[in-house]
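Visitor: got a predicted model here, sequence first, then my questions.
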Amino acid sequence: MKKTTASLIVASLFFAAPAQQKKITLVNPSTLQREEEVIEITWDKIISVYPKLDRSNFKVINAVSKKEYPYQLEHRGSTQVQSLLVQLTIPAKSTVQLELLKGKPMPVVAKTYCRYVPERKDDFAWENDKIAHRTYGRELEKTPSQMAYGIDVWVKRTDKLVLNERYKQVGDYHTDMGDGLDYYNVGHSLGAGAIAPYIQDSIWFPRNYRDWKVLDNGPLRSTFQLFFDEWTAGGTKMKMVKTISISAGSQMTKNEVSLEPTGKDSVPVVVGIIKRKDPGELLLDEKGGTLAY
């Protein structure tokens, strides 16, 4: 039995690390400027260049301009560091060299956040400085008139984190108080980017998530997992785990889905976005594997 995995992946930068130079070179081969993007460098590569690095006392700087960059040590739920996340801009067709120096790093303002939300049934919500989302748990299933499956969208007019304020202090996220609002209608749909098996010309929704686990929580990337009960899709039993991450400065959430069909190597799946009543435009690039609405 194989796991069918679907991921939304943003094109990444190439990495080069000549150990003798004690520098890390990031290369942007594209024609696009990578603006304030969170770059991920595996910790093994960091240690190969800086084997004696004190992970509790170092700064990341531009080797030429000496500008200091904000960073995060990513653990992905492990006690060991898995990668170094650095937020920086790399112009098109250019490189940036990084140096890691001993010293107290600059304070980093949190730009991502995720949490379980028991005060609103059992939502799980996540956000960055650009956008916010939530999805739904078991408790919402007890209210059939409000039942929803997919991923919700909270648009933002601010780069500040708003989840706690909207849930705890304001208590109203459907009204724009100046920082944006939830104006998205999920209902019995995939919402914004949820995934489900597609068998016998039907979408087979799972029930809402049953358990959760936070792997990292900012300041530059937040990652968590959602676990689902087994369900039957067109006669096939399914198990599913979602690993969801959001990085600072991005409009996109990365959603890795591990789907296990009992007795089969794979199953067809769909990923979708619900259409609004307002006029909209659909963009489909089948060759490039991109769908936008």
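Guide: That came through, no problem.
Visitor: give me the domain ranges for this structure.
Guide: Listed domain ranges for the chain are 9-102, 112-292 (source: automatic domain parsing).
Visitor: now the ones you listed as a markdown table including mean pLDDT and mean neighbour count?
Guide: For the C-beta atoms, the positions are set from N, CA and C on the backbone; glycine is no exception. Shown next, in a markdown table, are the domains of the chain (pLDDT from 0 to 100; neighbours: other Cβ atoms under 10 Å):
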| stretch | mean pLDDT | mean neighbour count |
| --- | --- | --- |
| domain 9-102 | 89 | 15 |
| domain 112-292 | 93 | 16 |
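Visitor: now do the helices in this protein.
Guide: 43-49, 163-164 (DSSP state H).
Visitor: among the ones you listed, which comes closest to E127?
Guide: Relative to E127, the nearest member of the helices of the chain by Cβ to Cβ is helix 163-164, separated by 5.4 Å.
Visitor: elements contacting that closest one?
Guide: Under the contact criterion of 3 or more Cβ pairs under 8 Å, 6 or more residues apart in numbering; DSSP states H and E, helix 163-164 touches strand 112-117, strand 123-128.
Visitor: so which of those strands gets nearest G272?
Guide: strand 123-128 (19.5 Å).
Visitor: need the contact list for E36.
Guide: The neighbourhood of E36, defined by Cβ atoms under 8 Å, 6 or more residues apart in numbering, consists of 87-89, 248-249.
Visitor: for those residues, which one is nearest V96?
Guide: L88 (6.4 Å).
Visitor: let me see the backbone angles for V162.
Guide: phi -120, psi -10 (degrees, to the nearest 10).
Visitor: wait, doesn't it sit right on G180?
Guide: Yes - applying Cβ atoms under 8 Å, one finds V162 in contact with G180, separated by 7.1 Å.
Visitor: joint contacts of these two?
Guide: Joint contacts of V162 and G180 (Cβ under 8 Å, 6+ apart) are 132, 154, 156.
Visitor: all strands in the stretch 1-150 of the chain, in order from the N-terminus.
Guide: For the stretch 1-150 of the chain, the strands defined by DSSP state E, counting those that start in this stretch occupy 4-6, 14-16, 24-28, 34-42, 58-62, 68-69, 71-74, 83-90, 94-102, 112-117, 123-128, 131-135.
Visitor: correction: the stretch 151-293 of the chain
Guide: Using DSSP E, counting those that start in this stretch, strands in the stretch 151-293 of the chain cover 152-156, 180-181, 192-199, 202-203, 211-217, 221-233, 236-247, 253-261, 269-273, 283-285, 290-292.
Visitor: now distance to L32 too, for the ones you listed, in a markdown table please.
Guide: Below are the strands of the stretch 151-293 of the chain laid out as a markdown table (distance: least, Cβ to Cβ, whole Å):
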| stretch | distance to L32 |
| --- | --- |
| strand 152-156 | 23 |
| strand 180-181 | 26 |
| strand 192-199 | 22 |
| strand 202-203 | 34 |
| strand 211-217 | 27 |
| strand 221-233 | 21 |
| strand 236-247 | 17 |
| strand 253-261 | 18 |
| strand 269-273 | 23 |
| strand 283-285 | 16 |
| strand 290-292 | 15 |
